[in-house]
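Asks: Sequence and predicted structure, then a few things I'm wondering about:
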Amino acid sequence: MGIDRLSQAAIIDGKRYASGLLDRIKVRVDVLKLATGAVPGLAVVLVGEDPASSVYVASKNRQTVAAGMRSFAHRLPADTRQGDLMNLIDQLNADPEVHGILVQLPLPAHLDANAVIQEINPDKDVDGFHISNAGRLATGQNALVPCTPLGCMMLIKDRLGDNLSGMNAVVVGKSNIVGKPMAQMLLNENCTVTVAHSRTRNTPELCRSADILIVAVGRPGLVRGDWIKPGAIVIDVGINRMQEEDGKSRIVGDVAFAEAGHAAAITPVPGGVGPMTIACLLSNTLSAFSRQHDVLDA
Ligand code: NAD
């Protein structure tokens, strides 16, 4: 099959979609401020000085403010004690100006990240990692869902429309933050969902059955062209930093992009799923705000 051309596959431009979503969020913020007299607020907690995390947190703060919301940044030293972090979460849970709480992961090794996440009020859990939100998603109830799969779902629906019923969806990767919630969201849309992971025996064959193929593994070029069904939609979540011979580095996905020309559409890396994540975080903050103020989300 002509898998060395990319001429037919449309490129799903996540950067453009995310920029439009941020514009719509700004309008929603204005409407919600008028309706409630309150300003949506997002608290971001960073423990330690991991450089990548610091960059993410700065970007989240900047975009929160640019969207017309309040941003509360809490930067704690790397040797913060579990009890002090839990106390901060309790304070944020009780603060009426804070509608969303995000704890930047990973936390330093001496801290119990799961305990911290479970301490967050589920109504303010804008990362969607709390067990109550995971359970709500799994049972098809209204939930705050993790930002990355939420962004993937938006891109899929932008391409295929709202009715995904009966489509074969294959999710490669079963992490709690991407693969599992993605599979649950697709099930809630009445897709027939298969989840492949590191112990799956026939992953290429399963992938070839997918109308919608989502890959979240973290292995460059794992999914080859001949794993992709002609006409499929391919969502590549992977972010892999590759060292070039000239010493420069570049980011690639989990799908051998140049071999995917027979797909109907594919997300590039970078510029596909990545830019959606912060926009979805702000969207979740507005959903949380609307629920806490008992108003319909604009
Ligand atoms: P993870 O390490 O928690 O999970 C990886 C999953 O891949 C596991 O379930 C494992 O079973 C599966 N896997 C490993 N080897 C496999 C193989 N050979 N075949 C099939 N499955 C295999 O990773 P994660 O947190 O889910 O992230 C996955 C990728 O997505 C990473 O590259 C990460 O950087 C990226 N990511 C991107 C965004 C974004 O905003 N775009 C957000 C989160 C994660």
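Replies: Structure received.
Asks: which residues in the stretch 1-150 of the chain form strands?
Replies: 10-11, 41-47, 70-76, 100-103 (DSSP state E, counting those that start in this stretch).
Asks: which one of those strands is the most hemmed in?
Replies: Across the strands of the stretch 1-150 of the chain, averaging neighbours per residue (mean count of other C-beta atoms under 10 Å) puts strand 100-103 on top, at a mean of 26. (C-beta placed from N, C-alpha, C; glycine too.)
Asks: Show me what that one is packed up against.
Replies: Contacts defined by 3 or more C-beta pairs under 8 Å, 6 or more residues apart in numbering; DSSP states H and E place strand 100-103 against strand 41-47, helix 82-94, helix 113-119, helix 276-292.
Asks: Which one, of these, ends up nearest to the ligand?
Replies: The ligand lies closest to helix 276-292 among those, at 4.0 Å (C-beta to the nearest ligand atom).
Asks: For stretch 41-49, report the contacting residues that lie outside it.
Replies: 53-54, 57, 60-61, 64, 69-78, 80, 85, 88-89, 92, 95, 97-104, 107-108, 111, 126, 281-282, 285 (C-beta atoms under 8 Å, 6 or more residues apart in numbering).
Asks: Equivalent analysis for stretch 176-185, please.
Replies: So stretch 176-185 is contacted by 128-129, 134, 137-138, 145-146, 148-150, 152-153, 169, 171-174, 193, 195, 197, 214, 216, 237 (C-beta under 8 Å, 6+ apart).
Asks: again, only this time at 6 Å
Replies: 137-138, 145-146, 148-149, 153, 171, 173-174, 193, 195, 214, 216, 237 (C-beta atoms under 6 Å, 6 or more residues apart in numbering).
Asks: Which ones among those residues lie within helices?
Replies: Members of those lying in helices (criterion: DSSP state H): Leu137, Ala138, Thr148, Pro149, Met153.
Asks: which non-adjacent residue is nearest the fourth one?
Replies: Counting by C-beta to C-beta, 6 or more residues apart in numbering, Pro149 lies nearest to Met182, which is 3.9 Å off, once chain neighbours are set aside.
Asks: Could you measure from that neighbour over to the ligand?
Replies: 9 Å (C-beta to the nearest ligand atom, to the nearest Å).
Asks: Let me know the helix or strand that that residue is in.
Replies: helix 179-188 (DSSP states H and E).
Asks: ok, back up a step: among the helices and strands packed on strand 100-103, which is nearest Leu22?
Replies: helix 276-292 (5.2 Å; C-beta to C-beta).
Asks: Is there any residue in the closest one that contacts the ligand?
Replies: Yes: figure legend: helix 276-292 in contact with the ligand (C-beta under 6 Å from any ligand atom); contacting residues Thr277.
Asks: Now do that helix, average pLDDT.
Replies: Across helix 276-292, pLDDT averages out at 97.
Asks: now do stretch 150-164
Replies: 98.
Asks: Could you export the strands of the stretch 1-150 of the chain as a markdown table, including mean pLDDT and distance to the ligand?
Replies: Listed next are the strands of the stretch 1-150 of the chain as a markdown table, based on pLDDT from 0 to 100; distance: least, C-beta to the nearest ligand atom, whole Å:
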| stretch | mean pLDDT | distance to the ligand |
| --- | --- | --- |
| strand 10-11 | 97 | 16 |
| strand 41-47 | 98 | 16 |
| strand 70-76 | 97 | 20 |
| strand 100-103 | 98 | 14 |
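Asks: Which one of those strands lies nearest to Leu206?
Replies: Comparing those under C-beta to C-beta, the one sitting nearest is strand 10-11, at 23.8 Å.
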